[in-house]
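**Q** coords below, sequence missing:
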């Protein structure tokens, strides 16, 4: 399995910045989530404590990444417990981007088969904020599949690193992988679009599907359905208008057919059509109508009319 690599985005670790094409700064996923109100609130914790926790987390990440890359590592509980997970890690700190708004690095990518991977994000925190990490890793998955269209992400995981000592990673241990919910791609695209346009993303209401399946569908999918129907209606109106204009132009100039690289436009002249009046025939000859009528079952459906 070969993962797509990009040299368009450069990460500057000292400044913790992602630079696109040498001049445009992109934001990281954690920054995007903080701006959009999706990150855990650590405002009550002083800056020095947060920085210390970040430094310890970075050290734990680096130890596991070094092991995955085959570098010499110390025989510490953190790595002993990681080995027991028996993961086939094919990439660490894998950079992904939409090349417009956001860029970030995925902690660990584990191979499932030749066309499938799992994404793993490591967290050295006392509590795993599952919803927040679900959004974070779902953004990773969306960007990964955009860059690697032939490879699918199977599952998203958080790997909790349990602190043995707040000041020393040598006493840390890896917990069991925590599987995360993958957020719908439509929501992830909307989230990134909101950041690009400077507006706040509104999380869709999520309901326990065991309580009301129908309501879950309506809240989760109905807005998308309506938006899609409106887009289709607008496109159909545009197509009808364009076809009317082409019909008038081709009729006026006597053009029967126009060939383009991707499409052929043919003029259909006016004509009279004849249709069998089933309603009148049934009224005049009800017995014959019944004799030559077949009944077939039609599946149930709904009608949606835009207002």
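**A** Sure thing, it's come through. If you're wondering where the values come from, they're calculated on a predicted model, not measured in any experiment.
**Q** for stretch 140-155, the averaged confidence score.
**A** Averaging pLDDT along stretch 140-155 yields 95.
**Q** which other residues reach it?
**A** Stretch 140-155 is contacted from outside by 1, 3-4, 6, 29, 94, 96-98, 102, 104, 106, 109, 112, 115-119, 121, 156, 179-180, 182, 185, 188-189, using Cβ atoms under 8 Å, 6 or more residues apart in numbering. Just so you know, the C-beta spots here come from the backbone N, C-alpha and C atoms, and that holds for glycine as well.
**Q** which SSE is residue 81 in?
**A** Per DSSP states H and E, residue 81 falls inside helix 77-83.
**Q** mind listing what residue 61 touches?
**A** Contacts for residue 61 (Cβ under 8 Å, 6+ apart) come out as 107, 122, 124.
**Q** okay, and for the stretch 1-150 of the chain, where does confidence drop off?
**A** Regions of the stretch 1-150 of the chain meeting the criterion pLDDT under 70 cover residues 41-45, 50.
**Q** which stretches in it count as helices?
**A** 29-35, 47-68, 77-83, 130-147 (DSSP state H, counting those that start in this stretch).
**Q** out of those, nearest to residue 293?
**A** For those, proximity to residue 293 was assessed by Cβ to Cβ; helix 130-147 is nearest, at 51.3 Å.
**Q** buried set for that closest one?
**A** 132-145, 147 (16 or more other Cβ atoms under 10 Å).
**Q** on the C-terminal side of that helix, identify the next helix or strand.
**A** Going down the chain from helix 130-147, the next helix or strand is strand 152-162, by DSSP H and E.
**Q** hey, what's the angle from that following strand to helix 130-147? Just curious.
**A** 140 degrees (axes from the mean of the first three to the mean of the last three Cα atoms, to 10 degrees).
**Q** so after strand 152-162, what's the next helix or strand?
**A** Per DSSP H and E, the first helix or strand lying C-terminal to strand 152-162 is strand 173-174.
**Q** can you list contacts of that next one?
**A** So strand 173-174 is contacted by 64, 77-78, 81-82, 84-85, 159-162, 164 (Cβ under 8 Å, 6+ apart).
**Q** try 10 Å
**A** Contact with strand 173-174 is made by 60, 64, 76-85, 122, 159-164, as judged by Cβ atoms under 10 Å, 6 or more residues apart in numbering.
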